[in-house]
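In: when you get a sec, could you give me coordinates for this:
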Amino acid sequence: GRIDSIIEVPLTRYDAEKAAIQDIQALLRLTSLGKVAVSNKTFFPSKAATKTITQILRDGDFYNWQNVKDSHASDVGPIKSFAWPLMLQASKLTELQGSKLTLTKSGQKALTSSPAETLKIIWSRWLKSKLIDEFNRVDQIKGQKGKGKRSMTSVVERRGVIIEALKHCPVNEWVTFDEFSRFMQASNFNFEVTRSLWHLYIEDANYGNLGYDGYHDWRILQGRYILCFLFEYAATLGLIDVAYVNPQETQSDYNNLWGADDLDFLSRYDGLIYFRLNPLGAYCLGLTSNYEPNHIETKIKLSVLPNLQIKTSETLSTEKAFLLETYAEKVSDQQWRLSQEKMLSAVEQGHKLSELKTFLTEGDDQPLPETVEGLIAKVERQAQSLTLKGPAILIECTNEKIANTISQHELTKKHCMLAGKRHLVVKANSEATFRKALRQLGYGMPLV
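Out: Next comes the predicted model:
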């Protein structure tokens, strides 16, 4: 949508609260499917991951950066799709295994928890996280790495100052970013971005150094940090709704800086003009004890058939589609079929079949068919039939007599068990103890 503005270009209005409520569920499910790759060094999402995330977000990213024809947007790059994987890692709802994020037990629980509660948890943990200094994302300002990194101030303290200022914003009322920035300065909500201005520069460490007078005003350093914090993190999590333009379309406030003449913008967040604290934001900031959304989510209409097929009255949202994909095979945009194999896999990963049953019963006015009820009950029963006890090693004995002797002797029987006639199974973490007991019995087992 668009709202009127005092500037000549139209503003894009983004109601972040409603989007984030859906996005968090979609992101958790995307993670459970092993489709979020991040670097094990920087912890940043891969380019492929940001593209995938952008596609599943309710309203996409703030700017259509994947559209190469839109040079304005492509220059800006990802914002929401960059922030989400970082916040998921900081929240401890996910953990890195190899190059992919996977859900922790807390993340699996969040799949069936209140989205607002999950967002509040992510927000509180992000405020304490040191995974990234948001100012690094203002990448036109160089010198933040290497020696310069040691001079940057605490991100936790910076965030705390901004949060205290945000608590003074009226709920559900638009304010301009400039007005908020002036309020922070006038009300002594001050912070520093760096302890050594001379480490930071634009283009050239000598001529474009921000240590020179007039090169490090509040609007250049603190202002850009606040823009990033609000636009990339608070808005992505749905705490504030935003209204913005392309950053190239804002009036330049950095023209006097050496080396900035050819820049289209100083930061990708320069287009943020208005924001408003919404009910979700008030809840996450502790201003209210309960969360009452601005919107009521309508339930999707389903037909659950005896042949295990599920038909929907319309194309599902990304969140709902991922929910069904966890338990069913997709036949078309509006048709699915429950899969015993996928249901078993989901339970193994920590999903609860109760969420599937609730989704189906809420969507279909008719009682679930006996075949569907039976399949759910069968999977719930048989998915717990085996218990993983950890890795083990398989040992072959030269004859049955030795295998029986070792499996029954007091020194060794508690460390192994007979597997067939000539084989023994030993838990991997008991190998050293088992070898010692073997030698006491007069037997040896050469290293492979």
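In: host element of residue 242?
Out: Assignment of secondary structure by DSSP states H and E places residue 242 within strand 240-244.
In: what about residue 159, how many residues nearby?
Out: Residues near residue 159, counting by other C-beta atoms under 10 Å, number 20. In short, each C-beta sits where N, CA and C put it, glycine included.
In: within the helices and strands, which one has it?
Out: Using DSSP H and E, residue 159 sits in helix 155-166.
In: buried ones in that helix?
Out: The neighbour-count check on helix 155-166 (16 or more other C-beta atoms under 10 Å) flags 155, 158-159, 161-163, 165-166 as buried.
In: neighbouring contacts of the strand holding residue 242?
Out: Under the contact criterion C-beta atoms under 8 Å, 6 or more residues apart in numbering, strand 240-244 has outside partners 3, 5, 11-17, 62, 174, 230-231, 234-235, 271-278, 281.
In: dump the residue contacts of residue 222.
Out: When contacts are counted by C-beta under 8 Å, 6+ apart, residue 222 touches 181, 184, 190-193.
In: now, those residues that are in helices?
Out: Cross-referencing the contacts of residue 222 against helices under DSSP state H gives 181, 184.
In: format the contacts of residue 222 as TSV; extra columns: neighbour count.
Out: Listed next are these as TSV, based on neighbours: other C-beta atoms under 10 Å:
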residue	neighbour count
181	18
184	22
190	10
191	17
192	16
193	25
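In: could you find the closest non-adjacent residue to the most centrally placed residue in the chain?
Out: Central residue of the chain (C-alpha atoms, centre = their mean): residue 88, 3.2 Å from the mean position. Counting by C-beta to C-beta, 6 or more residues apart in numbering, residue 88 lies nearest to residue 94, which is 4.6 Å off, once chain neighbours are set aside.
In: so where's the stretch 151-300 of the chain uncertain?
Out: Counting by pLDDT under 70, the stretch 151-300 of the chain has low-confidence residues at 251, 294-299.
In: could you pull out the strands for it?
Out: 175-176, 240-244, 272-277 (DSSP state E, counting those that start in this stretch).
In: for those, give me TSV that also has distance to residue 120.
Out: Formatted as TSV, the strands of the stretch 151-300 of the chain follow (distance: least, C-beta to C-beta, whole Å):
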stretch	distance to residue 120
strand 175-176	22
strand 240-244	14
strand 272-277	14
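In: any idea which of those gets closest to residue 331?
Out: Closest to residue 331 of the strands of the stretch 151-300 of the chain is strand 240-244 (C-beta to C-beta; 37.1 Å).
In: mind listing the strands the closest one pairs with, and their directions?
Out: Paired neighbours of strand 240-244 in the sheet (DSSP bridges): strand 11-14 (antiparallel), strand 272-277 (antiparallel).
In: what number of residues lie near residue 77?
Out: Burial of residue 77 is recorded as 17 neighbouring residues (other C-beta under 10 Å).
In: what pLDDT does residue 74 get?
Out: Looking at residue 74, its pLDDT is 65.
In: now do the helices in the stretch 251-400 of the chain.
Out: Counting by DSSP state H, counting those that start in this stretch, the stretch 251-400 of the chain forms helices over residues 279-284, 318-327, 340-348, 353-363, 370-382, 400-408, given from the N-terminal end onward.
In: let me fix that: the stretch 1-150 of the chain
Out: Residue ranges of the helices in the stretch 1-150 of the chain, as given by DSSP H, counting those that start in this stretch, are 16-32, 47-56, 71-76, 80-90, 105-110, 115-128.
In: coming back round to it: of the strands paired with strand 240-244, flag the one that's most buried.
Out: Of all the strands paired with strand 240-244, strand 272-277 carries the top mean neighbour count, a mean of 23, counting by mean count of other C-beta atoms under 10 Å.
In: chain center to that strand, what's the gap?
Out: Using C-alpha atoms, centre = their mean, to the nearest Å, the mean C-alpha position of strand 272-277 is found 23 Å from that of the whole chain.
In: what does it contact?
Out: Looking at strand 272-277 with C-beta under 8 Å, 6+ apart, the contacting residues turn out to be 3, 5, 7, 11, 166, 169-177, 180, 227, 230-231, 235, 239-245, 250, 285.
In: of these, keep whichever come out buried.
Out: If you count burial by 16+ other C-beta under 10 Å, the buried members of the contacts of strand 272-277 come out as 11, 166, 169, 174, 177, 180, 227, 230-231, 235, 239-245, 250, 285.
In: can you tell me which residues contact the closest residue to residue 29 other than its chain neighbours?
Out: Nearest in space to residue 29, with sequence neighbours left out and distances taken as C-beta to C-beta, 6+ apart, is residue 322 at 3.5 Å. The contact partners of residue 322, by C-beta under 8 Å, 6+ apart, come to 25-26, 29-30, 33, 56.
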